[in-house]
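S.K.: sequence and predicted structure, then a few things I'm wondering about:
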Protein chains: 2
Amino acid sequence: MAKRTLFIVSDRTGITAETLAHTLLTQFDLPVEAKRVFPFCDSEEKLQAVVEAIAAVTTQDAQPPVVFSSLVDPAHRALLAQANAPVLDFFEVFIPRLQEVLQQDAQQKAGLSHGMGNTSAYEQRIEAVNFALGTDDGLRLNAFSQADVILVGVSRSGKTPICLYLAMHYGILAANYPLTEEDLHTDALPQPLQRVKDKLFGLTIDLPRLQAIRQQRRPGSDYASAQRCRRELSAAEQMFEVNGLPSINATAMSIEEIAAAIMHRQGLQRRL
Amino acid sequence: MAKRTLFIVSDRTGITAETLAHTLLTQFDLPVEAKRVFPFCDSEEKLQAVVEAIAAVTTQDAQPPVVFSSLVDPAHRALLAQANAPVLDFFEVFIPRLQEVLQQDAQQKAGLSHGMGNTSAYEQRIEAVNFALGTDDGLRLNAFSQADVILVGVSRSGKTPICLYLAMHYGILAANYPLTEEDLHTDALPQPLQRVKDKLFGLTIDLPRLQAIRQQRRPGSDYASAQRCRRELSAAEQMFEVNGLPSINATAMSIEEIAAAIMHRQGLQRRL
C-alpha cells in the first residue's frame, strides 16, 4: 500500500485535531510517510501556505496527503477546501449537528478550546503537578492525607509518570509510595499507608519488563536481577491481595489507559 | 438557559470523546449541570446501564443529557442510539468518510487508540518524563547537551509543568534553567547556557501573577515582594532580548498552548 503524508491543520494548538486523527487512523491500515502539523493557522496567508504545502507533497508523494483540520472560521475552512486533497474537518461536521441539538448558533471563534479557561482550573492543575512532584517516591508522607489516590508498587513499576498524568490531565492529587525490600518482608501494609487504605491503588508489571527497565538503570546490579525482581513483584502482588487493594498490571497498557482505569475504579471525579 | 448534563461514553479511556466534546462546547454557551464519564463501555450490559442512566438524568433534569461517544462497534452505537437523547458519535461520522478517502474498510476494533502502540514510543515517553524530572531546576547541567529544548525563566514562571507536558505529550527532551538573582546581575547568558544557545526558550509572566504565585509559596518574603519580582522579570526579559532568545509570556495561556507554541517556534518534531 502506498504511503500517505498526514496534515494536521488547526487555528490553535492542533491538539484536538491530532488526537482525533490518531484515534481514527488506528482503525485503518495506513503506512504514514510523514506527519506535518500546522498549528496557529489563523489567517488567510497561513492557510494559503498550507494549501501550497499540500500541493508540494502531492507532487512529491505522487498522491495527496490526508488532511485533518479543526478550523473554526468557515472562511478558513473554505480556503483549505480549495486544496486538492481530502479534508476531514471536525468543526464542519459537528458544529451544525450541535447547533441543532442545542438550538443555538455557534460562536465560531478560534482559540477557545485549549485556552486558559478559568484561572482556578489552571491553578488546580499546577497544584496537582507540584503535589505529584513533591510527594514523589514517598517524600512527604504527611501529604498522603491530602491525596486523592496513592499509587503503590515496587521501584520502576511506573508510578511517577502515571501520577504526573493524573495531575496534568485530570487535576487529581496523586501521590505514590515505593515498596522497598524492607516493606516486602511482610504482607502487612507499610505503617504510613495503614491510615489511608481507601486511597491505595496497586501497580504491578510483568517480570521481563521490570527487569529490562532496571537493567537499563543499573546494569548488572542485584536490583536488576531476575531473582530480586521476581521476589519483589510476587511479594507486592501478595500484599495487594491480602489487603484487598485494587491493582492493575501496567505492562501492556499506555499511561492514558492506566490513568483512566484508576479514575474509573476509584470513582474519582476530574478536578479540571 | 436550562442546564444540561453531559455524557461521555467510550469503549476505551474516553479521552478522545472528551477532547472532542470539550473543543466543540467552547463554541457554545451551555451551562453544564454535570459531566458524567463512562469509560470502558465495551459490552452490551455496560451500554444498557448507560441508556438507563440517560433515562434517569432526563427525568431529573427535565431534559435529556447531551451525549458524546466514541464507540467503534456499530452494534454498541445502535444500542446507545436507543437512548432518548441526542448522541454525537465520533466514529459514526468519520469512519465512513475515511473509508471513502482511503478506499479501505475500517477494522472496527475497540481499544486501538490510546493503547500501548509500540514499546519504543512508550519508552521514549518514559525517558522524556524522567529526563524532565532529572534535569528539573538545572539539576544536571551536563544533560543540557542532550536536551531538545531548554526553558529559561525566573523561579515560578511555569517551566516545570511545561517541560513535563512536552515530555508526556510529545516525547520531547525538555530541560529547564531557573534564572537566579546572581544570573540576573548581567545581561550575559549564564555560563552553562552559552554552549546551548540554540536550544534556549525564554518564559516570562506578568508581575501580578508571579507575585501571587510566590506569595502563596512564601507569604511575606522578599522573594514574593513586588519589587523583587519586578526586578527579576525585567532583567530576565532584557536578557532574552539582548541575546536574541525566542520567548513567550505565559500569563494568559494554557500549558497546551505554550507547549504547542514552543514546538512550533523551535521547529521541533514530536518523538512519539
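M.R.: It's in.
S.K.: pull the distance from the helix or strand A:Ala121 falls within to the chain's centre.
M.R.: In the assignment (DSSP states H and E), A:Ala121 maps to helix A:119-134. In terms of C-alpha atoms, centre = their mean, to the nearest Å, the centre of helix A:119-134 is set 16 Å apart from its chain centre.
S.K.: swap in stretch A:221-238?
M.R.: 28 Å.
S.K.: what does that stretch contact?
M.R.: For stretch A:221-238, contacts defined as C-beta atoms under 8 Å, 6 or more residues apart in numbering or on different chains pick out A:152-155, A:157, A:179, A:181, A:184-185, A:187, A:202, A:204-205, A:207, A:210-211, A:214-215, A:217-218, A:247. Quick note: C-beta positions are derived from backbone N, CA and C, even for glycine.
S.K.: let me see the confidence value for the residue of chain A most remote from its centre.
M.R.: Residue farthest from the centre of chain A, counting by C-alpha atoms, centre = their mean, is A:Thr59 at 35.4 Å. pLDDT, A:Thr59: 93.
S.K.: quick one: secondary structure of it?
M.R.: A:Thr59 carries the three-state label helix when classified by DSSP: H, G, I helix; E, B strand; the rest coil.
S.K.: tell me the buried residues in the helix or strand hosting A:Gln211?
M.R.: Assigned by DSSP H and E, A:Gln211 belongs to helix A:207-217. By neighbour count with 16 or more other C-beta atoms under 10 Å in any protein chain shown, helix A:207-217 contains the buried residues A:209-215.
S.K.: tabulate the CA atom coordinates of it in CSV.
M.R.: Provided in CSV are the C-alpha atoms of helix A:207-217 (Å, rounded to 0.1, in the frame of the first residue of the first chain):
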residue,chain,number,x,y,z
LEU,A,207,8.9,-9.6,35.3
PRO,A,208,10.7,-9.3,31.9
ARG,A,209,9.7,-5.7,31.5
LEU,A,210,10.6,-4.7,35.1
GLN,A,211,13.9,-6.4,34.7
ALA,A,212,14.6,-4.7,31.4
ILE,A,213,13.8,-1.3,32.9
ARG,A,214,16.0,-1.9,35.9
GLN,A,215,18.8,-3.3,33.8
GLN,A,216,18.8,0.0,31.8
ARG,A,217,19.1,1.9,35.0
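S.K.: what helices and strands are in contact with that helix?
M.R.: Secondary-structure packing of helix A:207-217 (3 or more C-beta pairs under 8 Å, 6 or more residues apart in numbering or on different chains; DSSP states H and E): helix A:226-242.
S.K.: now do the same contact list for the nearest residue to A:Asp206 once chain neighbours are set aside.
M.R.: Distances taken as C-beta to C-beta, 6 or more residues apart in numbering or on different chains put A:Thr251 closest to A:Asp206, at 4.2 Å, once the chain neighbours are dropped. Counting by C-beta under 8 Å, 6+ apart, A:Thr251 makes contact with A:205-206, A:209.
S.K.: confirm that A:Asp29 sits in a strand.
M.R.: No. Checked against three-state DSSP, A:Asp29 lies outside a strand; its state is coil.
S.K.: give me the number of residues near it?
M.R.: A:Asp29: 12 surrounding residues under other C-beta atoms under 10 Å in any protein chain shown.
S.K.: wait, it sits on B:Gln104?
M.R.: Yes. The pair A:Asp29 and B:Gln104 qualifies as a contact (C-beta atoms under 8 Å) at a distance of 6.9 Å.
S.K.: isn't A:Glu18 right next to A:Val9, touching?
M.R.: No. Using C-beta under 8 Å, A:Glu18 is not in contact with A:Val9; the gap is 10.2 Å.
S.K.: okay, the two: which has more neighbours?
M.R.: Applying other C-beta under 10 Å to A:Glu18 and A:Val9 shows that A:Val9 carries more neighbours, namely 28 against 22.
S.K.: tell me the confidence at the closest residue in space to that one that isn't next to it in sequence?
M.R.: Excluding the flanking residues, the one nearest A:Val9 by C-beta to C-beta, 6+ apart is A:Ser69, at 4.1 Å. Listed pLDDT for A:Ser69 reads 96.
S.K.: pretty sure A:Ser69 sits in a strand.
M.R.: Yes. Read with three-state DSSP, A:Ser69 is one of the residues of a strand.
S.K.: beta partners for it?
M.R.: Note on A:Ser69: beta-bridge partners by DSSP bridges are A:Val9, A:Asp89.
S.K.: ok, it - contacts?
M.R.: With contact set as C-beta under 8 Å, 6+ apart, A:Ser69 has these partners: A:7-10, A:17, A:77, A:80, A:87-90.
S.K.: cutoff 7 Å now
M.R.: A:Ser69 is in contact with A:9-10, A:17, A:80, A:87, A:89, counting by C-beta atoms under 7 Å, 6 or more residues apart in numbering or on different chains.
S.K.: what does A:Asp29 give?
M.R.: So A:Asp29 contacts B:Gln104 (C-beta under 7 Å, 6+ apart).
S.K.: go on, the one 5 residues further on?
M.R.: With contact taken as C-beta under 7 Å, 6+ apart, A:Ala34 is in contact with A:Thr5.
S.K.: strands paired with the helix or strand encompassing it, and their directions?
M.R.: Using DSSP H and E, the element containing A:Ala34 is strand A:32-38. Here strand A:32-38 has these sheet partners by DSSP bridges: strand A:4-10 (parallel).
S.K.: using CSV, write out every CA atom in the strand it pairs with.
M.R.: C-alpha atoms of strand A:4-10 as CSV (Å, rounded to 0.1, in the frame of the first residue of the first chain):
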residue,chain,number,x,y,z
ARG,A,4,0.5,8.8,2.7
THR,A,5,1.5,12.0,4.3
LEU,A,6,-0.7,13.4,7.1
PHE,A,7,-1.5,17.1,7.5
ILE,A,8,-2.9,18.4,10.8
VAL,A,9,-4.1,21.9,10.4
SER,A,10,-5.5,24.0,13.3
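S.K.: and the next element down the chain from that strand?
M.R.: Next helix or strand after strand A:4-10 toward the C-terminus (DSSP H and E): helix A:15-25.
S.K.: neighbouring contacts of that next one?
M.R.: A:6, A:8-10, A:37, A:68-70, A:90, A:113-114, B:16, B:19-20, B:23, B:70, B:94, B:98, B:113, B:256, B:260.
S.K.: with adjacent residues omitted, what lies nearest to A:Ser145?
M.R.: Once flanking residues are discounted, A:Ser145 sits nearest to A:Val196: 6.7 Å by C-beta to C-beta, 6+ apart.
S.K.: for the closest residue to A:Ile172 other than its chain neighbours, what are its contacts?
M.R.: Closest residue in space to A:Ile172, ignoring its immediate chain neighbours: A:Leu166 at 4.3 Å, by C-beta to C-beta, 6+ apart. Listed by C-beta under 7 Å, 6+ apart, the contact partners of A:Leu166 are A:172, A:174, A:259, A:262.
S.K.: checking my notes, A:Leu166 in a strand, right?
M.R.: No. Counting by three-state DSSP, A:Leu166 is not found in a strand; it is helix.
S.K.: pLDDT score for it?
M.R.: 95.
S.K.: do the same with A:Glu45
M.R.: As predicted, A:Glu45 sits at a pLDDT of 95.
S.K.: send the alpha carbons of the helix or strand that contains it over as CSV?
M.R.: Under the criterion of DSSP H and E, A:Glu45 resides in helix A:44-61. Provided in CSV are the C-alpha atoms of helix A:44-61 (Å, rounded to 0.1, in the frame of the first residue of the first chain):
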residue,chain,number,x,y,z
GLU,A,44,-5.7,33.6,5.1
GLU,A,45,-1.9,33.9,4.5
LYS,A,46,-1.1,31.0,6.7
LEU,A,47,-3.8,28.8,5.1
GLN,A,48,-2.6,29.7,1.7
ALA,A,49,0.9,28.5,2.8
VAL,A,50,-0.7,25.2,3.9
VAL,A,51,-2.5,24.8,0.5
GLU,A,52,0.8,25.3,-1.2
ALA,A,53,2.5,22.7,1.1
ILE,A,54,-0.3,20.3,0.2
ALA,A,55,0.4,20.8,-3.5
ALA,A,56,4.1,20.2,-3.0
VAL,A,57,3.5,17.0,-1.0
THR,A,58,1.1,15.8,-3.7
THR,A,59,3.7,16.1,-6.3
GLN,A,60,6.4,14.5,-4.2
ASP,A,61,4.3,11.6,-2.9
